[in-house]
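> just the structure for this:
(chains A and B)
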Amino acid sequence: MKPSIFGYKAPTSIEEAIGILAGDPDAVVLAGGQTLLPAMNFRAANPSTLVDIQHVAGLRGIEVGGEIIAVKAMARHREFELDADVARANPLVAEVMQHVAHVPIRNRGTVVGSLCHADPSAEMPLLLVLLGGSVIAQGPSGRREISAEDFFQSFLTTARERDEIIIEARFPVLPKGAGWAFDEVTRRHGDYAIAGVGCVLSLDDRGRASRVQLAACGIADTPVRLKAAEEILTGTTLGTSDLDAAVAASAAAVTQPDEMHVSQAYRRRALGTLVRRMVMTAAQRARQMETA
Amino acid sequence: MARTMKAAIPDRSTDAEIEVSMTVNGEVVNRSVSIRMLLSDFLRHELGLTGTHVGCEHGVCGCCTVLINGKAGRSCLTLAVQANGYDIRTIESVAGADGTLHPVQQAFKECHGLQCGYCTPGMVMNIVARFEEPGKLDLSDEGIRDLLSGNLCRCTGYLNIIAAVRRAAELLGRA
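Down below sits the predicted model:
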């Protein structure tokens, strides 16, 4: 339960950090370390060198703009959760954060680190996919923006190149008047989700859903947008038969095979229940926004 | 002539070392440590502060919780080198110099919030950290359970610890 031998670098500039990664194929970025260090203690991860980016200039804090919430690489989960400007710009964030591990872990773990780890049952990747956000990768040849859809490629696999550092994640603000909801099914609160579903939706003046975003975690090798359900629900009044159809259409998105504790059939049931509840909750909140 | 035996296990680590400097319980400490030394081992083995307990060493049990720059964090998921320049507080700093218990410790004592005591330092540090945050405390059963959710106890069944958090809030005038 102790890590094996590795080297350690604490660069102060992003160029220096990228240079170390470019020169050493087994070097790994260390941010909050709340996933990497357990993996190293288990010796499941054996990096040659840790590139500790906590002292790199320009990687701290959260900037809330009119359209985008920019979360820098070293911003901790807890900062994202408690930031008053974030809560105003997108109340979904605080709701999702309640499900991320426990406070002592959220005090140290970073949002961008969680995105880069890309566990398909984790909440941060789902949030980025649900909102249609992106990340900014910086490498030896400069910066590029990668959409959430392109970023998450497979289980623990992202589009980030080995010598790139994700310097920022961009979460869109909640559309004006939109309702939101997130919940998940877990064996214990704070654990990884068996299934989790987030919903953002807007209603038109006749109470029809003008825009529906639905995404799920825990059900496939990446977080997934439930596009079939989104299409079915868009333009409807979100009645029982519309919800039934959306739930039925979501089932195929579950590709995780049977596991010791959870069968695929159980996951489909959990997903369907969550889809129904989250759409109803988000719609209710959207109606409240209208009357407020 | 006595046969000389070559020790199979070296008595000194050959790990590369690195200089670290941090404030622990108000005192600045400087040490040269192995790069792979965990903060929990640094506190216990280098500084002799054995009040910080080590349970699972992968962030689940919460026994090793200390205050890292004023916030509760896992010392087993932090490297000593990462903590270079940090302010660390451990359970040894919580009671008064004359042994007067901190209200959180007093509440654990009054409410029988511990049996074997192994998890207690981590519990206390986590609770102390929350009590030091401004704002209203959520002292509902659910709120306290959420606060304690990152700390495992295998003796008490938690009910007395929940009672201790409430009692501590009373003692601190935060109820």
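
> now do stretch B:144-156: distance to the chain's middle.
14 Å (Cα atoms, centre = their mean, to the nearest Å).

> pull that stretch out as PDB, backbone CA atoms only.
The C-alpha atoms that make up stretch B:144-156 are tabulated as PDB, following Å, rounded to 0.1, in the frame of the first residue of the first chain:
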ATOM      1  CA  ILE B 144     -24.500  15.000  10.200                       C
ATOM      2  CA  ARG B 145     -24.400  11.700   8.400                       C
ATOM      3  CA  ASP B 146     -23.300  13.500   5.300                       C
ATOM      4  CA  LEU B 147     -20.500  15.200   7.300                       C
ATOM      5  CA  LEU B 148     -19.400  11.900   8.600                       C
ATOM      6  CA  SER B 149     -19.800  10.000   5.400                       C
ATOM      7  CA  GLY B 150     -16.100  10.100   4.600                       C
ATOM      8  CA  ASN B 151     -15.100   8.400   7.900                       C
ATOM      9  CA  LEU B 152     -15.700   4.800   8.700                       C
ATOM     10  CA  CYS B 153     -16.200   3.500  12.200                       C
ATOM     11  CA  ARG B 154     -16.400  -0.200  12.900                       C
ATOM     12  CA  CYS B 155     -17.300   0.000  16.600                       C
ATOM     13  CA  THR B 156     -20.000   2.500  17.500                       C
END
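
> in that stretch, what counts as buried?
Residues of stretch B:144-156 classed as buried: B:144, B:146, B:147, B:148, B:149, B:150, B:151, B:152, B:153, B:156 (neighbour count, 16 or more other Cβ atoms under 10 Å in any protein chain shown). No exception for glycine: its C-beta is placed from N, CA and C like everyone else's.

> so which residues on chain A come close to chain B?
Within chain A, the residues that sit near chain B (Cβ under 8 Å from any Cβ of the partner chain) are A:1-8, A:10, A:30, A:33-34, A:37-38, A:41-42, A:50, A:52, A:54, A:78, A:101-105, A:107-108, A:189-190.

> which of the residues you listed fall in strands?
Those of those mapping onto strands are A:7, A:8, A:30, A:50, A:52, per DSSP state E.

> report pLDDT for the single nearest residue of the stretch 151-292 of chain A relative to chain B.
Closest residue of the stretch 151-292 of chain A to chain B, Cβ to the nearest Cβ: residue A:190 (5.6 Å). pLDDT for residue A:190: 74.

> need the outlier residue of chain A, farthest from its centre.
For chain A, the residue at maximal distance from the C-alpha centroid (Cα atoms, centre = their mean) is residue A:206, at 32.3 Å.

> isn't there a strand covering it?
No. Counting by DSSP: H, G, I helix; E, B strand; the rest coil, residue A:206 falls outside a strand, being coil.

> and residue 169, which of the three is it?
With no chain named, the answer covers chain A. strand.

> quick check: residue A:21 touching residue A:51?
Yes. Judged on Cβ atoms under 8 Å, residue A:21 makes contact with residue A:51 at a distance of 6.2 Å.

> count of neighbours near the residue of the stretch 151-292 of chain A closest to chain B?
Other residues near residue A:190 come to 16 when the count uses other Cβ atoms under 10 Å in any protein chain shown.

> can you check which residues contact both of residue A:21 and residue A:51?
Taking Cβ atoms under 8 Å, 6 or more residues apart in numbering or on different chains as the contact rule, residue A:21 and residue A:51 both touch A:27, A:29.

> tell me which helix or strand the residue in chain B positioned nearest to chain A sits in.
Ranked by Cβ to the nearest Cβ, the top residue of chain B for proximity to chain A is residue B:150, at 3.0 Å. Using DSSP states H and E, residue B:150 sits in no helix or strand.

> with adjacent residues omitted, what lies nearest to it?
In space, and not counting its chain neighbours, residue B:150 is closest to residue A:102: 3.0 Å by Cβ to Cβ, 6 or more residues apart in numbering or on different chains.

> read off the pLDDT value for that neighbour.
On pLDDT, residue A:102 comes in at 94.

> please enumerate the helices of chain B.
All helices of chain B, identified by DSSP state H, fall at B:39-41, B:103-111, B:120-132, B:141-148, B:159-171.

> need the contact list for residue 24.
You didn't pick a chain, so chain A it is. A:48, A:49.

> my question was about chain B, not that one.
B:43, B:47, B:49, B:88, B:89, B:90.

> could you work out the most separated pair of the residues you listed?
Maximum pairwise distance among those (Cβ to Cβ): 12.6 Å, between B:47 and B:89.

> with neighbour numbers in mind, choose between those two.
Taking neighbours as other Cβ under 10 Å, residue B:47 and residue B:89 compare with residue B:89 leading, 21 against 17.

> these two touch, right, that one and residue B:22?
No. Contact criterion Cβ under 8 Å: residue B:89 and residue B:22 do not qualify, at 11.0 Å.

> what is the neighbour count of residue 10?
Using chain A here. Counted with other Cβ under 10 Å, the neighbours of residue A:10 add up to 18.

> should've been chain B
7.

> how far away is the residue nearest to residue B:40 when sequence neighbours are not counted from residue A:170?
Spatial nearest neighbour of residue B:40, excluding adjacent residues (Cβ to Cβ, 6+ apart): residue B:75 at 4.0 Å. From residue B:75 across to residue A:170, the span is 33 Å (Cβ to Cβ, to the nearest Å).

> who has more neighbours, the two?
residue B:75 (28 against 21).

> near chain A, which residues of chain B?
Counting by Cβ under 8 Å from any Cβ, the residues of chain B close to chain A are B:15-16, B:18, B:35-36, B:38, B:41, B:56-59, B:62, B:65, B:68, B:71-74, B:76-79, B:81-82, B:84, B:126, B:130, B:146-147, B:149-150.

> residue A:220 touches residue A:125, doesn't it?
No. Counting by Cβ under 8 Å, residue A:220 stays clear of residue A:125, with 11.3 Å between them.
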